[in-house]
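Chemist: give me the fold of what follows.
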Amino acid sequence: MRTYWNTEHNLKAINEWQPNCWIQVTCPTEEDQRLLEEEFQIPDYFLSDISDTDERARYEYDDGWMLVILRIPYVKEIRSRTPYTTVPLGIIHKRDVTITVCYYETNMMIDFISYQQKRGEGFTDYVDMTFRLFLSSAVWYLKRLKQINALIEKAKRNLDNGVNNASLIGLSRLQDSLTYFTTSIRGNENLLSKLKFKLQVDELDADLIEDVNIEMTQARETTNIYSDILESTMDTYSSIINNNMNTVIRTLTSVSIIMMFPTLIASLFGMNLINGMENSPFGFAIALFISVFVSALSWFILRRKRLL
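Modeler: Numbers count the residues shown, from 1 in each chain. Okay, here's the model as predicted:
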């Protein structure tokens, strides 16, 4: 799906391409790809690079075409292996043609357009739009991090209710998401530092870059903090599981000790030897009494030592 936007005074959708407009392509179809490659003559490998979910954030220049690949946050289904991950957003520019391509429909791009329309101003040039996309991505990283933190806090509150495999799997998925965030934010920061020298930056862009740097730094530090908190929470879960396992093993060992004495006494009295009670009518009662007495004494001692 592609949308044409007039960016001169206010962000406004238009019906067809005009010079210096913004072409937004989301989840491109075969027709969209053909249009970009045949009509606008963009290098064909640009689209294949953008479609690669593992493509790193980078800058490339080829035959007058500029390609900037930015990693932006993306939310999959909540039950997926990594509910929070990142996907590439491609920014393509040459003279009067500016195109953004993303193979996923993200809330960030929807919010970006809505915010720019509320702002009531367009973009001064493609450089201004590029850095504003950087700023929007940093803001959305912080939004997703707040959601991840809420899930971590919920898991910490559930510690009192017991530990199960589902809780540990959920925390492991969040850890994977934070790993993706850390790597992507660091890549975006490195890319931003390069673009300062690659693009023509004016005074307004410099102020915008400073805002982007602040938001990126905050997102990176917040990711590191939440990653440490999550790691601590998972360590706590592991400690509780180990403690519960030790308690079960200790209880089973104590029960085995208590049951060992009746078995031993029965074995001694059951041996085919003269023990003085083979003809006694009270032999069974005496053996039973000794077994109960020794077992009760063992239980009392173990209980006193808090082994039961």
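Chemist: which of the helices and strands in this structure ranks last by mean pLDDT?
Modeler: Within the chain, no helix or strand scores below helix 283-304, which has a mean of 80 by mean pLDDT, DSSP states H and E.
Chemist: what are the ranges of the helices in the stretch 201-308 of the chain?
Modeler: 203-269, 283-304 (DSSP state H, counting those that start in this stretch).
Chemist: distance check, residue 285 against residue 210.
Modeler: 92 Å (CB to CB, to the nearest Å). C-beta coordinates here come from the backbone N, C-alpha and C atoms, glycine included.
Chemist: and residue 160, what pLDDT?
Modeler: Note for residue 160: predicted pLDDT of 66.
Chemist: nearest residue to the middle of the chain?
Modeler: residue 177 (1.7 Å; CA atoms, centre = their mean).
Chemist: relative to residue 251, how far out is residue 296?
Modeler: 18 Å.
Chemist: what does the least confident helix or strand of the chain contact?
Modeler: 254, 257-259, 261-262, 265-266, 269, 277, 280, 308 (CB atoms under 8 Å, 6 or more residues apart in numbering).
Chemist: out of these, who's the most crowded?
Modeler: residue 265 (20 neighbours; other CB atoms under 10 Å).
Chemist: contact partners for that residue?
Modeler: Applying CB under 8 Å, 6+ apart, the residues near residue 265 are 287, 290-291, 294.
Chemist: repeat the analysis, applying 10 Å as the threshold.
Modeler: Applying CB atoms under 10 Å, 6 or more residues apart in numbering to residue 265 gives the contacts 286-295.
Chemist: buried only: go through the residues you listed for me.
Modeler: 287, 290-291, 294-295 (16 or more other CB atoms under 10 Å).
Chemist: reformat those as JSON lines; add distance to residue 194.
Modeler: Below are the buried ones among the contacts of residue 265 laid out as JSON lines (distance: CB to CB, whole Å):
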{"residue": "287", "distance to residue 194": "88"}
{"residue": "290", "distance to residue 194": "86"}
{"residue": "291", "distance to residue 194": "82"}
{"residue": "294", "distance to residue 194": "80"}
{"residue": "295", "distance to residue 194": "77"}
